[in-house]
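# could you look at this predicted model? Sequence included:
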Amino acid sequence: MARPIGSIGLGMVSSGSELGKFIRVRWIKLGLTQVEAAKLGGISKGEWSELETGKRLNINARCIAGFSMALRCEPSRLEALAPKRRRPEPKNELGKFIRARREKLGLTEAEFARKLKVGSSRVYKLELCSRYISFQSVSRLAGALQLQPQVLLKFTNKNAKAAGNGLGELVRARRRELLLSQSDLAKELGVSKAYVSLIELGAMHLNQSDYLLERLAQVLKLDVATLKSLIPKRKANKVKEEIRQSALGKFFTVRRLKLGFSQREIERRAGLPAQSVHRVETDKPVSAELLYKVAEALECKIPLAQ
């Protein structure tokens, strides 16, 4: 039995937007109830009602597709009637910088998101909520903004502890210039990330004759003499003691790097707990058994003291 036209849409809350008015007129014209129209579009009754009355203004792609199917109209018609959301202005320097650059390139949020391979909501948060970016995201963000990565370094995390001395400051600054994370540098040096962190914080003393110092200069593309000049001076008796103790640690470090192993790989080969090789190479007190296990993993003999 046909439904009386006069009974459709009576007694409902008035539509609060042009989109809502269009939706209501359309389903009434098609002879549907609101429930029937919502079911056809795969949209919940509550969601449909909120968009129709204007209680909810934001309409997403899923709802546009559902309304288009139920109301037999083009999605572009619905998009044209949807209220335009006014984006709040960024309040921090990072957000202002990203939005200004994005708009200068003529990129919408959606286009920028596709270049970053993230969702639009991530771009929204990046422009309005983020104060800093992670060091690992610098290259990808710079590529999307068509900038040199170094331009964005000033926006990387500022919560890092201050470098402990001139050497640590130079190592950190140069590492960032080369877009290397602490993990990247640690891998190149064959040490742990914690070891690199200690160098930057000034808590790890490097010996001027240390092979690791030469390797650090190579990786960071610096003059080894510059690094040596920044090593803090120590008391004479401690320096002499360090020179006597450093020979064995240096031997193991050179041997391991020559074989292309990281400290953790040697520990796994020898069945040793983490930081064992680090203790050996930095001349911490260790047992003879540990020394022999490391030597066996490195396929070498422990050199005799001179």
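Here it is on my side, so go on.
# and the contacts of stretch 102-116?
For stretch 102-116, the external contacting residues (Cβ atoms under 8 Å, 6 or more residues apart in numbering) are 119-120, 122-124, 127, 140-141, 143-146. Any C-beta I mention is one placed from the backbone N, CA and C, and that applies to glycine too.
# can you give me the helices in the stretch 51-200 of the chain?
61-71, 75-81, 93-104, 109-116, 120-128, 138-145, 166-177, 182-189, 193-200 (DSSP state H, counting those that start in this stretch).
# how about residue 299: what's its closest non-neighbour residue?
Leaving aside its sequence neighbours, residue 299 sits nearest to residue 259 (Cβ to Cβ, 6 or more residues apart in numbering; 7.6 Å).
# number of nearby residues for that neighbour?
14 (other Cβ atoms under 10 Å).
# does it touch residue 298 like I think?
Yes - counting by Cβ atoms under 8 Å, residue 298 is a contact partner of residue 259 at 6.6 Å.
# domains in this protein, by residue range?
Domain ranges of the chain: 12-81, 93-149, 166-229, 243-297, per automatic domain parsing.
# now the stretch 201-306 of the chain, which segments are flagged as low pLDDT?
Residue ranges of the stretch 201-306 of the chain with pLDDT under 70: 204-205, 207-210, 233-246, 304-306.
# that's a helix at residue 202, yeah?
No - looking at residue 202 with DSSP: H, G, I helix; E, B strand; the rest coil, it is coil, so not inside a helix.
# roughly how far does it sit from residue 82?
57 Å (Cβ to Cβ, to the nearest Å).
# check residue 271 too.
Counting by Cβ to Cβ, the gap from residue 271 to residue 82 is 64 Å.
# also residue 53?
Distance from residue 53 to residue 82, by Cβ to Cβ: 15 Å.
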